[in-house]
Structure formats: C-alpha cells, structure tokens
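Asker: sequence plus the predicted model coming up.
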Amino acid sequence: QYEYSYKHYQAEQPEQEPRHVPVEVLREPKQLAKTMPWSFAHGLSRKDLPVAEIKGQVQRLVKELIELLSKTTEEDMTEKAVTMRIVSIAKGLSILSKAEMQEIYSQLLSVFTVEEQRTSFKTLFFDAVLMSSTPEAIKFLKEKMINREINKVQQVAILLWLPNSLMMPTEEVLEELFTLIQSEQIKSCQMTENIARMSMATLLHKACLVKDRQGGYPTWVLGEFCTPESPIITEKFLPYLLRQMEQTQSWEKKNEIIVTLSMMPRQEVVAKMIPLVEGRVQGQVVPYMSRMLALWTLAAVGKEVQPQVVE
C-alpha cells in the first residue's frame, strides 16, 4: 500500500537535510498528498494539486461505476476493470479533506434517486474512503457511523478491515477511533462493540506494541506513530478494557474482553489473567470457558511480558 517518499516532498525544500515528513504535514491532506509519488506519475503538479479537478473526476468515476454495476454480472466485472476503477476513486479521495469528501458524498447522494442505486453508491463510496486510508478518511467514516448513516453490516465490514487498511495510525487518528468505540452507536450492539474493541486492539498491537512494528509501517518516512508507553494505551484503551471487564456482570462479555486483551502485551494484563486462570475472582467461581480463554490470553501475552511469571 505504501508509495510515500520524503524525497519528493523534500525536492521543494533542497536546503533542508533529509528527515521524516513533519508531523504537521500528516495533518494537512493537501501537503501530505505532495509526498505521494503516484500523484506525480499521473501528471499532477507538486506545487498546486488541482483539487477541484480531482473532485470532478471522483464524481464522474462514481457515476460511471454505479451505472456499470447496475448492468454488470459477476462474470464481466473483471473485464470491465471494476476493481481498478474503485482504486482510482480511492486515490482521488486520499488527497481530499473530510469536508471535501462530505461535499462529494452529499452531491452524489442527491443524484441517485433509485433506492438500489443509493444503496450501491453508499457501499461503494464508504469502501473507497476506507481504501484511501488517510486520517481525513477515518474522521469522515467515524462521523458517518456516529450519525447512523452507515448500516450495521457495513459498520462491521469497515471495522474488520480497518487494521489492515489504515496506513497512518497517527496519535490523532487513534484518539478518534477510541472515541468511536465508546459511542452509543457502537455500544448499542454487542457484536459491533466487540468487533470495534478487537479492531482497535489489533491496530494498537500492529502500530504500537509489537517489536517489529517499524517494519509494518514506513516509519523511515513518516516517523514512529506510537510506542508501548503511548498514552492511548497506558492511560486510555487498556484501562478502558480492564474497567469494562470488571464492571460487566456478563461472563459472555468478559470472555470477549479477555480475548481482546490477548493483543495487549502489558504487565497489567498478566496481573488480571492469573486470578482468572486460577479459577476465583473476588469470591466468584470463574466458568471453565473463561479460565481457558484467560489461559490462552496469558500464554499469548507472556511471550513478550514476564515470561517466567507466566510460565
């Protein structure tokens, strides 16, 4: 997925020494787009990206694709390059801000009057936004979920794919996602809440916790996004999980959180799992299944944290 290169961004600033793309650049969609070599390969100007033209092209491609899909069978989707058209839409969206994505979304939604086309459009557009995988894209999708503009089925799909799609798990993006999983829209459905927790844990595991995390993201260009000691883990998400596990009376929900904690190699998790494995917590007998899941989580976490204690 990664095509970023600071060399292209630096070409405009020859007096500076090679270094990571500045953090402030990651927060500005149009500046971040200047670091993407694919934009130069497509003839776009490094100094002045034609945003109005890109918005027009995205709208045109979406209209063509919805029309095409209404007449396309599974057999000729490959022949008509449907996937590559979606990739082109996603690349165009990756340059845009959340407000610009919203503008395109609102304009196109008013174009499609047939319910089947509106449904296809929403599915396609939200998928393309997720594929663009920029911080602005995550803000857009978060807002749509909280406003109940994305149905439960697609919420689940987006949350499942998020850890594999997000290319820049910046501190700001992780905070946005943490806010999302605490929202009433997510918590109103146990399955969605569980998938949201697991998605967040998987993302933090990949971006912040595993030893080879710098090989999973282009940290030599964008810098390291977070570490095992980042506040999003130590002060927010992990305490949130542990608090939820203690407060809920449902062992089914406790089991879900126990499994999620397997992605969080921290001493606090070891301390919580040992009593569960032993079978008694605050005078309660721990169900057999919960003991087995806690043992599995303890073994997973113990590979990196206090292996002798865990053994």
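Answerer: Yes, it's here.
Asker: mind listing the strands for the chain?
Answerer: For the chain, applying DSSP state E gives strands covering 280-281, 284-285.
Asker: quick check: which of the ones you listed is buried the most?
Answerer: With neighbours taken as mean count of other C-beta atoms under 10 Å, the strands of the chain reach their highest mean count in strand 280-281, at a mean of 13. For glycine as for every other residue, the C-beta is placed from the backbone atoms N, C-alpha and C.
Asker: need the strands of the chain in a markdown table (columns: mean pLDDT and distance to Glu171).
Answerer: Below are these laid out as a markdown table (pLDDT from 0 to 100; distance: least, C-beta to C-beta, whole Å):
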| stretch | mean pLDDT | distance to Glu171 |
| --- | --- | --- |
| strand 280-281 | 86 | 34 |
| strand 284-285 | 88 | 38 |
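Asker: next, name the residue at the spatial heart of the protein.
Answerer: Using C-alpha atoms, centre = their mean, the residue of the chain that lies closest to the mean C-alpha position is Leu162, 3.5 Å off.
Asker: list the contacts for that residue?
Answerer: Leu162 makes contact with Leu130, Leu177, Ser199, Leu203, according to C-beta atoms under 8 Å, 6 or more residues apart in numbering.
Asker: which residues in the stretch 151-300 of the chain form helices?
Answerer: Counting by DSSP state H, counting those that start in this stretch, the stretch 151-300 of the chain has helices at residues 152-165, 171-181, 184-187, 190-204, 213-216, 219-222, 231, 238-247, 251-261, 267-278, 288-302.
Asker: tell me which of those lies nearest to Leu26.
Answerer: Minimum separation from Leu26 across these (C-beta to C-beta) falls at helix 219-222, 6.7 Å.
Asker: packing partners of that closest one?
Answerer: Applying 3 or more C-beta pairs under 8 Å, 6 or more residues apart in numbering; DSSP states H and E, one finds that helix 219-222 contacts no other helix or strand.
Asker: pull out the buried positions in that helix.
Answerer: Val221, Leu222 (16 or more other C-beta atoms under 10 Å).
Asker: figure out how far that helix is from the centre of its chain.
Answerer: Here the centre of helix 219-222 is set off from its chain's centre by 18 Å, with C-alpha atoms, centre = their mean, to the nearest Å.
Asker: and if you look at stretch 140-148?
Answerer: Worked out by C-alpha atoms, centre = their mean, stretch 140-148 lies 13 Å from the chain centre.
Asker: got the buried residues for it?
Answerer: For stretch 140-148, burial by neighbour count (16+ other C-beta under 10 Å) applies to Phe140, Leu141, Lys142, Glu143, Lys144, Met145.
Asker: before we move on, the earlier item: make TSV out of the contacts of Leu162 and add distance to Pro231.
Answerer: Shown next, in TSV, are these (distance: C-beta to C-beta, whole Å):
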residue	distance to Pro231
Leu130	26
Leu177	14
Ser199	20
Leu203	16
